[in-house]
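**Q** Can you look at this prediction? I've put the sequence above it.
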Amino acid sequence: MKNAAAVTTACRLIEESEESLSLTDLAQAVGLSSSYFHRTFKAHTGLTPKDYAAAHRAKRVRAALAREATITNAIYDSGFSSSGRFYETSRAMLGMTPSRYREGGSDEDIKFAIAKTTLGDLLVASSATGVAAILLGDDAETLLRQLQDLFPKARLLGAEKDYEAVVAQVVGFIEAPKIGLHLPLDIRGTAFQRRVWQALRDIPFGQTWSYTAVAEYIGMPRATRAVAKACAANKLAIAIPCHRVIRRDGALSGYAWGVDRKEIILDREKLEKDM
DNA sequence: GGTTCTCTGCCGC
DNA sequence: GCGGCAGAGAACC
């Protein structure tokens, strides 16, 4: 069997199998040694067999939750061994509990507030888990619309008294990012996006990496375009420093909240770094 | 906490 | 191009 065919076969096996297949099982099925199969699979798909299986299972969970009458049915339907594991992983996958996901996040409370900063208007929003969005923009109205798009079914609660302290902390962080943001974050995204965002948080303060460098850092050197898309999907400005990713030739490339802002932020970080 | 599995590096042919 | 093995780390019980 040619390698490409072996990988495709393995993918089909993972997709069709009810229970999870071990690395050895898959390797045997396509006639390669487990170590070589592992390498080959990763070279072709950018994911390890286990990652691939996890991603596929995540898709099944979403589909099952949408289709099945009860969560228990969804658990069995998406191939989990125990409900404990299901809840553990589904929370991270969905960014909310399974039951809340079924309701489309409709009973979720999102507190938010808008403040003025030297970078323009700032919107901070938090779920029960932590800060879920930090948006920058030129006017409050646009920011609020963006928030509604991010959480279409949530109850958006503005002007909560106890929320001002959180907002103040974020504003302080925006003005002097070196101090860091010491608040829990509610990071919601696909497994791949979370991997990219984690990589961004590893970029040292005051430095910039290229998209290629980030792709290599997460072990997927050919995924530069996907990396750029994941950066653009960031909803936590500055806290997840997507502004520290620029083009290899030094050009700033794009920024969800405007290239001008990207430039200002980077200049500031460069200055602050040596202080 | 021990065991099993995953993942990678390294060497061999 | 492919296999085997070792070692570290993650996952599982």
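**A** Perfect, thanks for sending it. Numbering: from 1, shown residues only, chains lettered A, B, ... in the order given.
**Q** what number of residues lie near the residue nearest to A:Ala4 when sequence neighbours are not counted?
**A** Spatial nearest neighbour of A:Ala4, excluding adjacent residues (C-beta to C-beta, 6 or more residues apart in numbering): A:His44 at 6.4 Å. No exception for glycine: its C-beta is placed from N, CA and C like everyone else's. Other residues near A:His44 come to 15 when the count uses other C-beta atoms under 10 Å.
**Q** pLDDT score assigned to A:Ser81?
**A** Listed pLDDT for A:Ser81 reads 66.
**Q** Leaving out sequence neighbours, find the closest residue to A:Val30.
**A** A:Val30's closest residue in space is A:Ala6 (C-beta to C-beta, 6+ apart), at 4.0 Å.
**Q** any idea whether the one you found is helix, strand or coil?
**A** Three-state assignment for A:Ala6 (DSSP: H, G, I helix; E, B strand; the rest coil): helix.
**Q** hmm, back to that, ok, the residue nearest to A:Ala4 to A:Tyr52 distance?
**A** 10 Å (C-beta to C-beta, to the nearest Å).
**Q** hang on, the earlier thing: doesn't the residue nearest to A:Ala4 belong to a helix?
**A** Yes: counting by three-state DSSP, A:His44 falls inside a helix.
**Q** which residues does it contact?
**A** A:3-4, A:7 (C-beta atoms under 8 Å, 6 or more residues apart in numbering).
**Q** cool, and A:Ser33?
**A** Contacts of A:Ser33 (C-beta under 8 Å, 6+ apart): A:Ala27.
**Q** now swap in A:Arg194 and tell me
**A** A:Ile187.
**Q** number of nearby residues for A:Val170?
**A** Counted with other C-beta under 10 Å, A:Val170 comes out at 24.
**Q** hang on, the residue nearest to A:Val30 packs against A:Gln28?
**A** No: counting by C-beta atoms under 8 Å, A:Ala6 stays clear of A:Gln28, with 11.4 Å between them.
**Q** neighbour-wise, which of the two wins?
**A** A:Ala6 (21 against 14).
**Q** List the single closest residue to A:Gln193 in space, sequence neighbours excluded.
**A** With C-beta to C-beta, 6+ apart, the residue lying closest to A:Gln193 is A:Ala230, at 4.5 Å.
**Q** buried stuff in the one helix or strand that neighbour maps to?
**A** Taking DSSP states H and E as the definition, A:Ala230 sits inside helix A:224-232. For helix A:224-232, burial by neighbour count (16 or more other C-beta atoms under 10 Å) applies to A:224, A:226-228, A:230-231.
**Q** what comes into contact with that helix?
**A** Under C-beta under 8 Å, 6+ apart, the answer for helix A:224-232 is A:189, A:192-193, A:196-197, A:200, A:211-212, A:214-215, A:218, A:220, A:242, A:245, A:253-254, A:256.
**Q** Would you mind writing the PyMOL command to select the buried ones in the residues you listed?
**A** Remark: buried members of the contacts of helix A:224-232, expressed as a PyMOL selection using 16+ other C-beta under 10 Å:
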select buried, chain A and resi 189+192+193+196+197+200+211+212+214+215+218+220+242+245+253+256
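**Q** Of the contacts of helix A:224-232, which belong to strands?
**A** A:Val245 (DSSP state E).
**Q** Restricted to helices, list the contacts of helix A:224-232.
**A** A:192-193, A:196-197, A:200, A:211-212, A:214-215 (DSSP state H).
**Q** Let me know the closest of the residues you listed to DNA strand C.
**A** Closest approach between the ones in helices among the contacts of helix A:224-232 and DNA strand C, by C-beta to the nearest atom of the strand: A:Phe192, at 15.5 Å.
**Q** just to revisit the earlier point, going by neighbour count, which of the contacts of A:His44 comes out on top?
**A** Neighbour counts for these peak at A:Val7, which has 23 neighbours (criterion: other C-beta under 10 Å).
**Q** these two touch, right, it and A:Thr40?
**A** Yes: between A:Val7 and A:Thr40 there is a contact under C-beta under 8 Å: 6.3 Å.
**Q** just the contacts of A:His44 now: which is nearest DNA strand C?
**A** For the contacts of A:His44, the nearest to DNA strand C is A:Asn3 (4.9 Å; C-beta to the nearest atom of the strand).
**Q** got a list of what the closest one touches?
**A** Applying C-beta under 8 Å, 6+ apart, the residues near A:Asn3 are A:40, A:44.
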